[in-house]
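# here is a sequence together with a model predicted from it:
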There are 2 protein chains.
Amino acid sequence: MDALIRRTLEGDVRSVARLITRLESGDREAYASLFRLKDHGGKAQVIGITGPPGAGKSTLADKLISQFRARGLKVGVLAVDPSSPFSGGAILGDRLRMQNHATDAGVFIRSLASRGSLGGISKATQAAIRVLDAAGYDLVLVETVGVGQSEIDIVKVADTVVLVSVPGLGDDIQVIKAGIMEIGDIFVVNKADRDGADKVVRELRAMLETQAMLKHGETVAGGPDTLVTREPELLHHAGLQPRVSMQEPLEIPPVLKTIAETGAGVAEVADAILSHFARLRASGELERKRLGTIGYQLDQFVLDQLAHLAARPAIEALKDNLAHSVLRRKTDIYSAGLALFHALLKEGEPHEHPEG
Amino acid sequence: MDALIRRTLEGDVRSVARLITRLESGDREAYASLFRLKDHGGKAQVIGITGPPGAGKSTLADKLISQFRARGLKVGVLAVDPSSPFSGGAILGDRLRMQNHATDAGVFIRSLASRGSLGGISKATQAAIRVLDAAGYDLVLVETVGVGQSEIDIVKVADTVVLVSVPGLGDDIQVIKAGIMEIGDIFVVNKADRDGADKVVRELRAMLETQAMLKHGETVAGGPDTLVTREPELLHHAGLQPRVSMQEPLEIPPVLKTIAETGAGVAEVADAILSHFARLRASGELERKRLGTIGYQLDQFVLDQLAHLAARPAIEALKDNLAHSVLRRKTDIYSAGLALFHALLKEGEPHEHPEG
């Protein structure tokens, strides 16, 4: 393990790969050894690429790699599989496209399972980000193929989130998407040669402006059903009433069009990613973001420890007994829950208060 | 509170509403009083209705209420809002349709926020199910308007899950849907007068058959990219190879077509829901399901207690200090996590081991 960590810190690709494999398999020694990375890294920009299935995220990632390589940057890519929590099945195929870079020592590509025992970005993914950072990669792209939670969780570990949309997903989807607008630092409308691309760009800009206005404390007249925008058409469509029209330009995140298949527009996305990071560093915002990420990782660590305690046979047996008692109406769920909670707390510190 | 619980158990609608309101607001006294429901209820069938936005779930729920009322059953409906974890915003309007039943004392309809502090089906939703059950409702419909996690979590509290699809959502969505196929007990293709309804029915049946074959131990030839089905067209579409064709009929969940707007097909869905419950009871499967639900609720209770501990000022201050130490590289995330975890355990039992 000593040699593996040492060679990883030297940037040896095979060692990086082996360490990540051990982390993914849940190897406790590998996790314990991560404290040796403490004095290394912290320089890589962590970039989340997310969006609905079929938006072309993998193709975009592939073309972004080429752009970053052309700028002399080393790139690590972690592709998080959309495993079903039930079957563990994954959507196959997309990963293959990125084989283009297989022979480039400045590119490291790895697919990781998304299933974390407690949801969120998996422990292995977070550990792999730290490994790539410590190994000297300048950029770590994390591609999450998600609808819902994994899209939202990426914001907790990424410095820059690229939200990829695509024309033709229908209105209902776009409405739901409104809920995740706040997580995007850069918006990409891919497959921009398709019908409706300009409409998606317009709608995204309108939503981002609304959001920016709300953030800047604009008065929202008329209660919760009333929003403020310079795109009254969109609000009309959503059954809402526009009330205020603003004249000043608002600062919103970039909304960029790409055709990832041909590479059109991808250079601009690469530029936007790099300048977002430069702004984060200059403004001190990066430190605030990273404190948030560390807080998230501490929470995940605590939940993980709790899950280990809960998996001990004594606790599992107690839980089973309690569940049967609740079913038979000998106790209620709240009393049973409290009993289980206190048993877990005791189980966590078995040797600190000897009873004899 | 005594009177409120007593009148709730007598089925008084206003008391039920007030108790649920107090639970939703997080009222600790209301939660503590729930142990008094212990000897009541356990008879209601809990039905989850889920599916993508725009599938017509609310309209279907509305028409199902009429069907159940015509059969003399009391119905409680909990509509869980698709709140964004960021803005708390909800999609408006759908709820209004169910006002039809506002004057019927045998129908209780309530909208609940979906945001649980730890994801999953919120504590308030689970508590509201117990209240409606104890108050004598024969059926509790829980409508979750979700993409992703909330669709999957409903299975943890429902006896019967109705999965609503709709034609015209596009292939990508259908592929993702494959991941949640296992949670459905009854499949409804709504808006069945639209183009493509029969195709959706065929695809659902094919996926369910594949699933049933895999469950029954059919050999899957040719590795993970090969599946088994009697709908080779579907596999071809997904880029997979069919290898085995079966002759015997397989038992799969019902796939039913409805036009909820007109009520067409809804009676059959109501029948399917009631007979699913009858089969669960007869086979003893209901008890197994309910043990699973209780286990889930115990887990949620423990996480909730932990969240309370974590919110105490001393723990928040410690976590903040630890996060800064990690950022400044004075410690690593794993040592910091362990320190936080042990502080939480101690915080949970402050009075049991006095140190002086």
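That came in fine, so what should we check first? Numbering: from 1, shown residues only, chains lettered A, B, ... in the order given.
# chain A: strands as residue ranges?
A:45-51, A:75-81, A:107-113, A:139-145, A:160-165, A:186-189, A:226-227, A:241-242, A:255-257 (DSSP state E).
# can I get the ones you listed in TSV with distance to B:G72, mean neighbour count and mean pLDDT?
All C-beta atoms are positioned from the backbone trio N, CA, C, and that covers glycine. Compiled in TSV, the strands of chain A are given as follows (distance: least, C-beta to C-beta, whole Å; neighbours: other C-beta atoms under 10 Å in any protein chain shown; pLDDT from 0 to 100):
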stretch	distance to B:G72	mean neighbour count	mean pLDDT
strand A:45-51	49	27	92
strand A:75-81	49	25	86
strand A:107-113	49	19	84
strand A:139-145	48	26	88
strand A:160-165	49	26	92
strand A:186-189	53	26	95
strand A:226-227	44	19	44
strand A:241-242	44	16	49
strand A:255-257	56	20	96
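# which ones are touching A:L4?
A:15, A:18-19, A:33 (C-beta atoms under 8 Å, 6 or more residues apart in numbering or on different chains).
# wait, I meant A:G136
Taking C-beta under 8 Å, 6+ apart, one finds A:11, A:41, A:74 in contact with A:G136.
# so which of the contacts of A:L4 wins on neighbours?
Using other C-beta atoms under 10 Å in any protein chain shown as the neighbour test, those are led by A:L19, with 27 neighbours.
# among the helices and strands of chain A, which has the poorest mean pLDDT?
When each helix and strand of chain A is scored by mean pLDDT, DSSP states H and E, strand A:226-227 comes last, with a mean of 44.
# still on that earlier bit, and which of the contacts of A:L4 is nearest chain B?
A:S33 (9.7 Å; C-beta to the nearest C-beta).
# from A:T8, how far off is that closest one?
From A:S33 over to A:T8 the distance is 10 Å, taken as C-beta to C-beta, to the nearest Å.
# with A:F341 instead?
39 Å.
# and these two? Which one has more around it.
A:T8 (26 against 19).
# with respect to pLDDT, which of the contacts of A:L4 ranks lowest?
Minimum pLDDT for the contacts of A:L4 is recorded at A:S33 (89).
# which ones are touching it?
A:1, A:4-5.
# okay if I get the residues you listed as JSON lines plus pLDDT?
Shown next, in JSON lines, are the contacts of A:S33 (pLDDT from 0 to 100):
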{"residue": "A:M1", "pLDDT": "85"}
{"residue": "A:L4", "pLDDT": "95"}
{"residue": "A:I5", "pLDDT": "95"}
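# surely A:A44 touches A:A135?
No. If you go by C-beta atoms under 8 Å, A:A44 and A:A135 don't touch, sitting 9.2 Å apart.
# can you give the contact residues for stretch A:256-269?
With C-beta under 8 Å, 6+ apart as the criterion, stretch A:256-269 contacts A:56, A:59-60, A:62-64, A:66-67, A:162, A:186-193, A:197, A:201, A:272.
# near chain B, from those residues?
Under the cut-off given by C-beta under 8 Å from any C-beta of the partner chain, chain B has nothing from the contacts of stretch A:256-269 close to it.
# measure A:V140 to A:R14 for me?
Where A:R14 is concerned, A:V140 sits at a distance of 18 Å (C-beta to C-beta).
# next: A:T331.
Taking C-beta to C-beta, one finds A:T331 at 55 Å from A:R14.
# cool, A:K289 as well?
Distance from A:K289 to A:R14, by C-beta to C-beta: 32 Å.
# between those two, which one's more packed in?
A:K289 (18 against 10).
# you'd agree the more buried one is up against A:L280?
Yes. Contact criterion C-beta under 8 Å: A:K289 and A:L280 qualify, at 6.7 Å.
# mutual contacts of these two, please.
A:D159.
# give me the beta-bridge partners of the closest residue to A:V255 other than its chain neighbours?
Leaving aside its chain neighbours, A:V255 sits nearest to A:F187 (4.4 Å; criterion: C-beta to C-beta, 6 or more residues apart in numbering or on different chains). Note on A:F187: beta-bridge partners A:L163, A:V255, judged by DSSP bridges.
# test my guess that A:F187 contacts A:E203.
No. Using C-beta under 8 Å, A:F187 is not in contact with A:E203; the gap is 10.6 Å.
# before we move on, the earlier item: among the contacts of A:S33, which lie within helices?
A:4-5 (DSSP state H).
# contact partners for the closest residue to A:F108 other than its chain neighbours?
Once flanking residues are discounted, A:F108 sits nearest to A:G76: 4.5 Å by C-beta to C-beta, 6+ apart. Contact analysis of A:G76 by C-beta under 8 Å, 6+ apart lists A:44, A:107-110, A:132, A:135, A:137, A:139-141.
# please name the bridge partners of A:G76.
Residues in beta-bridge contact with A:G76 (DSSP bridges): A:F108, A:V140.
# roughly how far does it sit from chain B?
19 Å (C-beta to the nearest C-beta, to the nearest Å).
# so what's the residue count around A:E268?
16.
# list the contacts of A:E347.
Contacts of A:E347 (C-beta under 8 Å, 6+ apart): A:309, A:312, A:314-315.
# list the contacts for A:I20?
A:110, A:112, A:124, A:127-128, A:131.
# and if we set it to 6 Å?
A:110, A:128, A:131 (C-beta atoms under 6 Å, 6 or more residues apart in numbering or on different chains).
# relative to B:R328, how far out is the second one?
The gap separating A:A128 from B:R328 is 23 Å, by C-beta to C-beta.
# quick one, grab the pLDDT at the closest residue to A:V107 other than its chain neighbours.
Excluding its sequence neighbours, the residue lying closest to A:V107 (C-beta to C-beta, 6+ apart) is A:H101, at 4.1 Å. You'll see A:H101 listed with a pLDDT of 75.
# distance of the residue nearest to A:F108 from B:R329?
21 Å.
# same question, A:A32
Distance from A:A32 to B:R329, by C-beta to C-beta: 18 Å.
# now swap in A:R6 and tell me
Distance from A:R6 to B:R329, by C-beta to C-beta: 19 Å.
# same question, A:D138
With C-beta to C-beta as the criterion, A:D138 and B:R329 are 19 Å apart.
# now swap in A:Y334 and tell me
43 Å.
# the more surrounded of these two?
For the pair A:Y334 and B:R329, the greater number of neighbours falls to A:Y334 (19 against 12), based on other C-beta under 10 Å.
# how about the residues of the stretch 201-350 of chain A near chain B?
By the rule C-beta under 6 Å from any C-beta of the partner chain, the part of the stretch 201-350 of chain A lying against chain B is A:291, A:294-295, A:297-298, A:301-302, A:305, A:323, A:326-327, A:329, A:332-334, A:337, A:340-341, A:345, A:348-349.
# returning to that earlier point: neighbour-wise, which of A:A44 and A:A135 wins?
Between A:A44 and A:A135, counted using other C-beta under 10 Å, the more crowded position is A:A135 (26 against 23).
# just checking, that one touches A:T8?
Yes. Using C-beta atoms under 6 Å, A:A135 is in contact with A:T8, at 5.3 Å.
# shared neighbours, these two?
A:V16.
# can I assume A:V140 is in contact with A:I129?
Yes. Counting by C-beta under 6 Å, A:V140 does reach A:I129; the two are 5.3 Å apart.
# overlap in contacts of those two?
Common neighbours of A:V140 and A:I129 (C-beta under 6 Å, 6+ apart) are A:V46.
# show me the helices in the stretch 251-356 of chain A, by range?
With DSSP state H, counting those that start in this stretch as the criterion, the stretch 251-356 of chain A has helices at A:266-283, A:285-310, A:313-327, A:333-348.
# what about the first one, distance to the chain center?
Read that as helix A:266-283. Chain-centre distance of helix A:266-283: 18 Å, with C-alpha atoms, centre = their mean, to the nearest Å.
# and it, average pLDDT?
Helix A:266-283 carries an average pLDDT of 97.
# ok and it relative to strand A:139-145, angle-wise?
110 degrees (axes from the mean of the first three to the mean of the last three C-alpha atoms, to 10 degrees).
# buried residues of helix A:266-283, list them for me.
Across helix A:266-283, burial judged by 16 or more other C-beta atoms under 10 Å in any protein chain shown covers A:266-270, A:272-274, A:276-277, A:280.
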